[in-house]
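Asker: just the structure for this:
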Amino acid sequence: MLSDPLLTSRPEDGWDIPLLVWRAGTPLRAVSSGPLGGGVGVRNWVVNATVPMSYHRDDPAAHLAALADRLGLDGPGVGLLTGVDVAEVVARADTGVRAWATVGLGTPVWAAGPAHAPTQRVGTVNVVVYVPAALGDAALVNAVATATEAKCQAIWELGLPATGTPTDSVTVLCPVGDPAGGPAEPYGGPRSTWGAPLARAVRAAVRDGGAVPCVPWSDRRPG
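Answerer: Numbering: from 1, shown residues only. Model prediction:
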């Protein structure tokens with residue numbers, strides 16, 4: 001089981017900068033495109049950390065690992081970064097699947113766009129999903145595709161001519177095995193047993209999060 005995210009903060013560059021922390025009651029299987037803990041493996045936690053728009057570090061994995069150590073998080077985990085205020089996270093659930101999204105659409109782009117697109121304000125859509133059933137390898141990968149399709153659907157419904165931003169990330173977590181000893185779910189597509197509610201939950205979280213104009217955290221930080 002994955003906890004609801006805890007909103008906390010860390011001191012950095014003279015500011016108290018927010019971050020979200022999810023903890024797993026027992027280790028979970030995960031697939032993620034995050035800079036820390038990306039790929040497929042067993043993970044114990046997820047961190048989604050706000051960073052200022054002036055963020056220029058070229059070692060985000062090391063930065064996130066240091067944040068996790070400061071938080072006392074043990075074992076392997078997933079780390080994500082975003083320029084938006086993670087306090088604005090939107091949570092949605094459907095048939096046992098839970099999805100959380102922090103939505104920054106300051107740089108909406110088509111996935112297949114010009115080779116040298118003009119620089120715009122940074123935006124990031126980070127999606128974290130928990131599926132309460134063990135997913136096989138193919139289903140876990142398919143679940144990422146389904147979450148991405150649902151994100152694109154939400155962005156289209158918001159009226160933006162885009163599929164996302166250049167820095168979006170998706171993380172899907174599920175139990176390591178079926179508690180009842182059954183086989184892992186073989187499918188994660190949008191019409192599968194778990195892919196369908198996953199798609200609905202992600203679509204709702206991204207759509208509702210994107211309905212509010214995004215203001216980068218560094219533009220509205222206190223002081």
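
Asker: quick one: the strands in the protein?
Answerer: 6-12, 15-32, 39-50, 78-82, 90-94, 97-103, 125-130, 169-175 (DSSP state E).

Asker: what angle separates the last one from strand 125-130?
Answerer: Just to be clear, that refers to strand 169-175. With axes from the mean of the first three to the mean of the last three Cα atoms, to 10 degrees as the basis, strand 169-175 and strand 125-130 are set at 0 degrees to each other.

Asker: average model confidence for strand 169-175?
Answerer: Strand 169-175 shows a mean pLDDT of 98 in the predicted model.

Asker: can you list contacts of that strand?
Answerer: By Cβ atoms under 8 Å, 6 or more residues apart in numbering, the list of residues contacting strand 169-175 from outside reads 2, 24, 26, 28-34, 43, 46, 78, 80, 124-135, 140, 143-144, 147-148, 151, 198. All C-beta spots, glycine's among them, are computed from the backbone N, C-alpha and C.

Asker: note down every partner strand of that strand and its orientation.
Answerer: Using DSSP bridges, the neighbouring strands of strand 169-175 in the sheet come out as strand 15-32 (antiparallel), strand 125-130 (parallel).

Asker: tell me the mean pLDDT for the first one?
Answerer: Along strand 15-32, the predicted confidence averages to a pLDDT of 95.

Asker: just the C-alphas of it, formatted as PDB.
Answerer: Extracted as PDB, the C-alpha positions of strand 15-32 are listed here (Å, rounded to 0.1, in the frame of the first residue of the first chain):
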ATOM      1  CA  TRP A  15      14.000  29.400   1.200                       C
ATOM      2  CA  ASP A  16      11.700  26.800   2.700                       C
ATOM      3  CA  ILE A  17      10.900  24.800  -0.500                       C
ATOM      4  CA  PRO A  18       8.000  22.400  -0.500                       C
ATOM      5  CA  LEU A  19       8.100  18.700  -1.400                       C
ATOM      6  CA  LEU A  20       5.800  15.700  -1.200                       C
ATOM      7  CA  VAL A  21       6.700  12.300   0.200                       C
ATOM      8  CA  TRP A  22       4.900   9.000  -0.300                       C
ATOM      9  CA  ARG A  23       5.900   6.000   1.700                       C
ATOM     10  CA  ALA A  24       5.200   2.400   1.000                       C
ATOM     11  CA  GLY A  25       4.000   0.200   3.800                       C
ATOM     12  CA  THR A  26       5.900  -2.700   2.200                       C
ATOM     13  CA  PRO A  27       8.200  -2.400  -0.800                       C
ATOM     14  CA  LEU A  28       6.400  -2.000  -4.100                       C
ATOM     15  CA  ARG A  29       7.200  -2.700  -7.700                       C
ATOM     16  CA  ALA A  30       7.600   0.500  -9.700                       C
ATOM     17  CA  VAL A  31       8.300   1.800 -13.200                       C
ATOM     18  CA  SER A  32       9.300   5.400 -13.400                       C
END
